[in-house]
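Engineer: Pasting a predicted model and its sequence here:
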Amino acid sequence: MTITNDRSNSHRSTPIAAPRPTDTMPRQLSAEDLADLFALNVAEIEVEAAPATEPDMSPPGSLFARDAARVAISGQLITALWAEQSNRNAWVFLQTAGWKRLDPLTDTGSTALTLLSAHARAVGSAPYVDENPAGTLNTMYVW
């Protein structure tokens, strides 16, 4: 293939090499590739969360003490929200439990939990939340 400059004062043409196939180029998936993809269990898929920084400031008037024992987290008001530019890194401040990270497993899940948290904060609702073994909030009911 040759590209020609159509300007009247130029008579030069520049050849362009065709792209060579590589492993990073799109390709049609085979039946075996599709079978392998559909056979994956969600638990087998490793999701790497962005390196997270932690909020380090408590809202004014909070009842949280950093060295207090772990407390129940259901029925507590969300008194603050915090996020930064990192993917899936949103946090809520629960009235007496302190800062809790919203589960970063998926973009849509993190977004949904952030929206529910913002709604609960805006209307003053005390949500019911579940904390998973990793210490993040993965389920939220806002009444």
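Structural biologist: Looks like it arrived, so ask away.
Engineer: low pLDDT regions in this protein?
Structural biologist: Regions of the chain meeting the criterion pLDDT under 70 cover residues 1-25, 40-72.
Engineer: Show me where it has its strands.
Structural biologist: All strands of the chain, identified by DSSP state E, fall at 2-4, 13-15, 78-83, 90-94, 98-102, 128-131, 136-141.
Engineer: looking at these, which is closest to residue 32?
Structural biologist: With Cβ to Cβ as the measure, strand 136-141 is the member of the strands of the chain nearest residue 32 (33.9 Å). (Each C-beta comes from the backbone N, C-alpha and C, glycine too.)
Engineer: Near residue 99, how many other residues are there?
Structural biologist: Residues near residue 99, counting by other Cβ atoms under 10 Å, number 18.
Engineer: ok, it touching residue 92?
Structural biologist: Yes: using Cβ atoms under 8 Å, residue 99 makes contact with residue 92 at a distance of 7.4 Å.
Engineer: Next, show the common contact partners of those two.
Structural biologist: Residues touching both residue 99 and residue 92 by Cβ atoms under 8 Å, 6 or more residues apart in numbering: residue 82.
Engineer: before we move on, the earlier item: pick the most deeply packed of the strands of the chain.
Structural biologist: Highest mean neighbour count among the strands of the chain (mean count of other Cβ atoms under 10 Å): strand 90-94, with a mean of 25.
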